[in-house]
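Engineer: Dropping a prediction and its sequence here:
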Amino acid sequence: MSHVYESYDIVVVGAGHAGCEAALACARLSLHTIMFTISMESVALMACNPNIGGTSKGHLVREIDALGGEMGKNIDKTFIQSKMLNGSKGPAVHSLRAQADKQEYTTSMRKVLENTPNLTLKQAEVVELLTKENRITGVKTYSDGIYPCKAVILCTGTYLKSRCIYGDTVTYTGPNGLMAANYLTESLKSLGIEMYRFKTGTPARVDKRTIDFTKMEKQPGDEKIVPFSFASKPEEIQKEQVPCWLTYTTPKTHEIIRANLDRSPLYSGYITGTGPRYCPSIEDKVVKFADKDRHQVFIEPEGSYTNEMYVAGMSTSLPEDVQVQIYRTVPGMEQVQIVKNAYAIEYDCINPMQLKPTLEFKKIEGLFSGGQFNGSSGYEEAAAQGLIAGINAAMKILGRDPLILDRSEAYIGVLIDDLVTKETHEPYRMMTSRAEYRLILRQDNADLRLTKKGYEIGLIDEKRYQMLLQKERQIEEEINRLNHTMIGANREVQILLKNLQSTPLNTAASLADLIRRPELSYEQLESIDLKRPNLQADIIEQVNINIKYEGYIKRQLRQVEQFKKLENKHIPENINYDDVTSLRKEARQKLQMFKPISIGQASRISGVSPSDISVLMIYLSQHRANKTIKEE
């Protein structure tokens, strides 16, 4: 019997947010790429929340875009509401969030994929990884098709041996009733890959026509819409937006939940997977925050094509009849009809400590992975990993240096470093608090931080790169002009300062000095800045932030210099930690397991103390002097 036998440079397994970014990156770097999906309906599927971005996640989307990824462009084409979160706080925590039209988001991304040269989409289930001497040689599908390749990127999301659960109802499917992938796990285990069992969940979708919005608080989008992609023109994405709505659970909601906890698979022990700490189910919230008499519930549209509304904040795996009861205790939802039941989903994923910072498996050369398969949660975290896995798989095949972003360069660097160095026993979620250098890793400057890297890789074209260089010049020139433009204490200036409730001038000051005052900004000084050039809003934003936070930024840059010193102290691959006799046993075991690439990464491994790092640095210094350790 003959079977399909087709060779490719790269095979991508899975077509979710990670798979899409991985496949596009590889294909755009001129590598012959095939992306397998268990169902074409799962391409860029928003299986849970109908939005992109949010606190810290908006940073990831901006960084994906700056490197040449697609997520930012796609949401700019398909959003129905946009909002800059944390606008009243400092710029480090500003995060863009957009409600998506789910169907349009999927359709738009699929259109891009299907029209990208070098990229083939295939509906088939990959059931086995083919290897020779711990190196990937190809994949095998359920129909016994063989696809030889040079690298494989696993982006299986929540589909491996997945099952959806509410009450005692179980369906052995992936999200939204799509097929599960039931065979690949065994192939992974046979290769010595350590697997975890994680769980996540999603709330019910309800019929818009059965909601009384007069009992809820309207949540409109921003008047001035800011794009996610640095390539999108702000004036071209302005549109009429669809509102979201805010309501709350009630004591009655909590009473019903408590009375039915014995019917929750979360508490009966039927669900064995570990769920996300920072996105708990409503029954989890009621139990763990028993002192609170209400929790926020956001009613969000799933798109302009449907009456389905997403009930954010009420994820649950309670039985169907209990779901109806608790949803109908929420103001405005007294007569609500459920279109799709809420459910929990369990799935197989890996222990991400088995990965290098490139997202290549340490044990198997040419095998990369990204997304929820790596023990993370969220579309944005998935897309970021998929992009990096795709880039590094391509770099490996092309014989070029990998892209490794460190914690001082990007939220993506924080995300990946946390996954590969810290023990993750629950789905990982990105948060601004995880980034030590968040003042310089703002969402507004992601292009200034990363677009040059995207250009060097080959995912950013010449036109966009030249626009970046021009932006850098304009920012530098304007900051220099403001620092050297002196303003006297004349009547016009004093009147302006008084109107702005700012202290009068006693002597001349530069415009930059005035901008540094907490109550003043670049825009407010326009009337006394007679030689001001006509600049775009994004340049003005950078000028304002860089001047106003100059002292804090310089301090953080000094901290980064110290961080870089440890990151640049590389640990050779051929080191034998058993030879470092002064290391504690636990540290030796952890270092041997993780195989960190630098002293900096070693210092972040749980179980490795500062004294262990000192011992290791002395050992490396002595042996390098004696040339007994081969440098990379």
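Structural biologist: Okay, I see it. Residues are numbered from 1 along each chain as shown.
Engineer: only C-alpha atoms for contact and neighbour calcs from this point on.
Structural biologist: Will do.
Engineer: separation between the residue lying closest to residue 557 once chain neighbours are set aside and residue 448?
Structural biologist: Leaving aside its chain neighbours, residue 557 sits nearest to residue 440 (7.9 Å; criterion: Cα to Cα, 6 or more residues apart in numbering). Using Cα to Cα, to the nearest Å, residue 440 is found at 11 Å from residue 448.
Engineer: and what of residue 236?
Structural biologist: 22 Å.
Engineer: Which residue of these two possesses the greater neighbour count?
Structural biologist: Ranked by neighbour count (other Cα atoms under 10 Å), residue 236 and residue 448 place residue 448 first, with 16 against 11.
Engineer: Just to be sure, the more buried one is in a helix?
Structural biologist: Yes - per DSSP: H, G, I helix; E, B strand; the rest coil, residue 448 lies within a helix segment.
Engineer: Residue 519: what's it in contact with?
Structural biologist: 500-502 (Cα atoms under 8 Å, 6 or more residues apart in numbering).
Engineer: wait, is it part of a helix?
Structural biologist: No - remark: residue 519 does not belong to a helix; assigned using three-state DSSP, it is coil.
Engineer: CA atoms only: put stretch 38-48 into PDB for me.
Structural biologist: The C-alpha coordinates for stretch 38-48 follow below in PDB (Å, rounded to 0.1, in the frame of the first residue of the first chain):
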ATOM      1  CA  ILE A  38      -6.900  18.900  13.000                       C
ATOM      2  CA  SER A  39      -9.700  21.100  11.700                       C
ATOM      3  CA  MET A  40      -9.600  24.000   9.300                       C
ATOM      4  CA  GLU A  41     -12.200  25.600  11.500                       C
ATOM      5  CA  SER A  42      -9.600  25.900  14.300                       C
ATOM      6  CA  VAL A  43      -7.300  28.300  12.300                       C
ATOM      7  CA  ALA A  44      -6.700  31.300  14.500                       C
ATOM      8  CA  LEU A  45      -9.700  30.300  16.500                       C
ATOM      9  CA  MET A  46     -10.600  32.500  19.500                       C
ATOM     10  CA  ALA A  47     -11.900  29.600  21.500                       C
ATOM     11  CA  CYS A  48     -12.400  31.600  24.700                       C
END
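Engineer: for that stretch, the distance to its chain's centre please.
Structural biologist: 18 Å (Cα atoms, centre = their mean, to the nearest Å).
Engineer: center of this protein, which residue is that?
Structural biologist: The geometric centre of the chain, computed from its C-alpha atoms, lies nearest to residue 381 (Cα atoms, centre = their mean), at 2.5 Å.
Engineer: Spatially, what comes nearest to that residue if we skip its sequence neighbours?
Structural biologist: residue 371 (6.5 Å).
Engineer: can you count the residues close to that neighbour?
Structural biologist: 30.
Engineer: Let me see the backbone angles for it.
Structural biologist: phi 90, psi -160 (degrees, to the nearest 10).
Engineer: repeat for residue 299
Structural biologist: Torsion angles, degrees, to the nearest 10, at residue 299: phi -100, psi 110.
Engineer: Contacts only, for it.
Structural biologist: Residue 299 touches 244-247, 309-312, counting by Cα under 8 Å, 6+ apart.
Engineer: quick one: residue 241 from residue 80, how far?
Structural biologist: On the measure of Cα to Cα, residue 241 and residue 80 end up 5 Å apart.
Engineer: So for these two, which sits in the more crowded spot?
Structural biologist: residue 80 (23 against 16).
Engineer: Then that one would be within a helix, right?
Structural biologist: No - assigned with three-state DSSP, residue 80 falls outside any helix and is strand.
Engineer: these two touch, right, it and residue 104?
Structural biologist: No - counting by Cα atoms under 8 Å, residue 80 sits too far from residue 104 to count as a contact (10.2 Å).
Engineer: Any stretches of the protein with poor pLDDT?
Structural biologist: 1-2, 267-278, 624-632 (pLDDT under 70).
Engineer: helices or strands up against the longest helix belonging to it?
Structural biologist: Scanning the chain for the helix with the most residues, using DSSP state H, yields helix 462-484. When contacts are defined as 3 or more Cα pairs under 8 Å, 6 or more residues apart in numbering; DSSP states H and E, helix 462-484 packs onto helix 446-457, strand 509-510, helix 511-515, helix 537-548.
Engineer: Report the buried residues of stretch 225-244.
Structural biologist: 225-230, 234, 237, 241-244 (16 or more other Cα atoms under 10 Å).
Engineer: Check what contacts it and list those residues.
Structural biologist: Outside stretch 225-244, the residues touching it (Cα under 8 Å, 6+ apart) are 58, 61-62, 65-66, 72-73, 75-77, 80-84, 96, 218-221, 224, 298-301, 447, 464.
Engineer: tell me the contacts of residue 209?
Structural biologist: So residue 209 contacts residue 307 (Cα under 8 Å, 6+ apart).
Engineer: switch to 10 Å and redo it
Structural biologist: 307-309, 335-337 (Cα atoms under 10 Å, 6 or more residues apart in numbering).
Engineer: That one belongs to a helix, doesn't it?
Structural biologist: Yes - counting by three-state DSSP, residue 209 is part of a helix.
Engineer: what residue of this structure is the furthest out?
Structural biologist: The chain, farthest from centre, Cα atoms, centre = their mean: residue 491 at 51.0 Å.
Engineer: now it: how far from residue 16?
Structural biologist: Counting by Cα to Cα - residue 491 and residue 16 are separated by 62 Å.
Engineer: again with residue 89
Structural biologist: 33 Å.
Engineer: Compare these two (neighbour count), which wins?
Structural biologist: Set residue 89 next to residue 16 and count neighbours by other Cα under 10 Å: residue 16 wins out with 27 against 9.
Engineer: I'd assumed residue 379 was in contact with the more buried one.
Structural biologist: Yes - at 8.4 Å, residue 16 and residue 379 qualify as touching, with contact defined as Cα atoms under 10 Å.
Engineer: what do the two both touch?
Structural biologist: What both residue 16 and residue 379 touch, as defined by Cα under 10 Å, 6+ apart, is the set 44-47, 157, 371-372.
Engineer: pretty sure residue 65 belongs to a helix, no?
Structural biologist: Yes - counting by three-state DSSP, residue 65 is found in a helix.
Engineer: shift numbering so it begins at 29
Structural biologist: Done: numbering now begins at 29, and the last item shifts to residue 93.
Engineer: Correct me if wrong: it contacts residue 477.
Structural biologist: No - using Cα under 10 Å, residue 93 makes no contact with residue 477, being 11.6 Å away.
Engineer: Looking at these two, which is more packed in?
Structural biologist: Between residue 93 and residue 477, residue 93 has the larger neighbour count (other Cα under 10 Å), namely 26 against 17.
Engineer: From residue 65, how far off is the more buried one?
Structural biologist: Residue 93 is 24 Å from residue 65, by Cα to Cα.
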